[in-house]
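Peer 1: for reference, the sequence and a predicted model appear below.
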Amino acid sequence: VQLVESGGGLVQPGGSLRLSCLASGFTFNMYNMRWYRQAPGKERELVATITSAGGITDYADSAKGRFTISRDNAKNTVFLQMNSLKPEDTAVYFCHTRRVEAAGLKDYWGQGTQVTVSS
């Protein structure tokens with residue numbers, strides 16, 4: 001299983017970024033996908049979730065109305081569109097999935113992509 005994020009960068013407050021996560025090594029369209037973020041000195045927090053077929057999404061309160069999670073199962077990719085970005089959105093953003101394996105549930109993470117919101 002491999003998850004590779006891209007799309008992070010430096011953006012001014014009020015700007016937008018679109019993060020991508022390319023998945024491989026598993027049947028992507030069978031698994032829910034999530035975006036997490038971790039700011040310096042803080043715990044990792046869940047930002048958004050999308051179900052396997054993309055029919056249901058859920059967001060942290062901090063992301064509601066500004067972020068949109070989506071997926072393209074034909075391209076094994078999950079996206080996070082982030083609009084109206086604020087300095088407090090600065091963090092490393094991680095793609096995540098959880099699989100049921102012989103030994104039990106196992107979490108998989110990407111390497112993360114840095115998002116910095118600053119003027």
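Peer 2: Nice, thanks for sending it over. Residues are numbered from 1 along each chain as shown.

Peer 1: residues touching the spatially most central residue of the chain, list them.
Peer 2: What sits nearest the mean C-alpha location of the chain, by Cα atoms, centre = their mean, is Trp35, with 2.4 Å. By Cβ atoms under 8 Å, 6 or more residues apart in numbering, the contact set of Trp35 is 19, 21, 46-48, 69, 78, 80, 93-96. In this view, the C-beta of every residue, glycine as well, is placed from N, C-alpha and C.

Peer 1: what about it, which SS state?
Peer 2: strand (DSSP: H, G, I helix; E, B strand; the rest coil).

Peer 1: what do you get for Glu88?
Peer 2: Per three-state DSSP, Glu88 ends up helix.

Peer 1: show me the contacts for it.
Peer 2: 39, 62, 117.

Peer 1: out of these, which is most surrounded?
Peer 2: Using other Cβ atoms under 10 Å as the neighbour criterion, Val117 leads the contacts of Glu88 with 20 neighbours.

Peer 1: what are the boundaries of the strands in this protein?
Peer 2: 2-6, 9-11, 17-24, 33-38, 45-50, 57-59, 67-72, 77-82, 91-101, 104-109, 113-117 (DSSP state E).

Peer 1: make a markdown table from the contacts of Glu88 and add pLDDT and distance to Asp107 to it.
Peer 2: Shown next, in a markdown table, are these (pLDDT from 0 to 100; distance: Cβ to Cβ, whole Å):
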| residue | pLDDT | distance to Asp107 |
| --- | --- | --- |
| Ala39 | 97 | 20 |
| Ser62 | 97 | 22 |
| Val117 | 98 | 27 |
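
Peer 1: tell me how far the residue nearest to the centre of the chain lies from Ala74.
Peer 2: The gap separating Trp35 from Ala74 is 20 Å, by Cβ to Cβ, to the nearest Å.

Peer 1: one step back: please convert the buried members of the contacts of Trp35 into ChimeraX selection syntax.
Peer 2: Listed next is the ChimeraX selection for buried residues among the contacts of Trp35, using 16 or more other Cβ atoms under 10 Å:
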select :19,21,47,48,69,78,80,93,94,95,96
